[in-house]
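Q: The amino acid sequence is not available; the structure is as follows:
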């Protein structure tokens, strides 16, 4: 009788189909809560901002085009092998959800933050991110995922202690320094190495998904809240 009872799919895939939506809902609520704290707005409004970021992550705005590296392709024709060399083209784009919106949110925060505290946290985050960022062929500029948010949270906490800021400013500092520090340290300062990535579209902030810039800001807030 028990031979007639079996999981409808392979068990790991079945569990993934169940757990993945729950994880996405949990992340959406957590990210919205972080945005709510940082921007001092109701969670319902923060959820709307999160939805805008999610939709914007599908949009890449081309900025300019440049020549990439020379690649070789080998072809065989009736026993003759010949090599064709061509130079790839790289299109530099900016992602709306992964870069533009988080940067605008960070710029809004700067009007209410201590500028010196921000500059200190921003400089530390930028330096750390730049030091560990590397161009990866076919991927883009890669950096260890949790390094920028952890550094920005710690530097925000340090800046708040140095300049005697209230605890509520720590997650705001962490978010703005994380977003802008990862943008400058990982992407802008490594644009001169972008040809090492190869050809195609290189999107600052993502390529249809949440990239390091947005995630850095969100996880920086999470880490900062643990420190407060």
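A: Sure thing, it's come through. Keep in mind it's a predicted model, so treat the numbers as computed, not measured.
Q: Show the low-confidence segments of the protein, by residue range.
A: For the chain, the stretches flagged by pLDDT under 70 are 1-17, 20, 67-88, 138-139, 198-199, 207-212.
Q: Which parts of it are helices?
A: 11-39, 43-56, 101-110, 115-132, 147-162, 169-182, 212-227 (DSSP state H).
Q: how about the ones you listed in JSON lines, adding distance to residue 95 and mean neighbour count?
A: C-beta here means a position set from N, CA and C on the backbone, and glycine is covered the same way. Output for the helices of the chain, formatted as JSON lines (distance: least, CB to CB, whole Å; neighbours: other CB atoms under 10 Å):
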{"stretch": "helix 11-39", "distance to residue 95": "16", "mean neighbour count": "14"}
{"stretch": "helix 43-56", "distance to residue 95": "7", "mean neighbour count": "16"}
{"stretch": "helix 101-110", "distance to residue 95": "9", "mean neighbour count": "19"}
{"stretch": "helix 115-132", "distance to residue 95": "17", "mean neighbour count": "20"}
{"stretch": "helix 147-162", "distance to residue 95": "17", "mean neighbour count": "24"}
{"stretch": "helix 169-182", "distance to residue 95": "13", "mean neighbour count": "30"}
{"stretch": "helix 212-227", "distance to residue 95": "8", "mean neighbour count": "25"}
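Q: Kindly state which of the ones you listed is positioned closest to residue 90.
A: helix 212-227 (19.0 Å; CB to CB).
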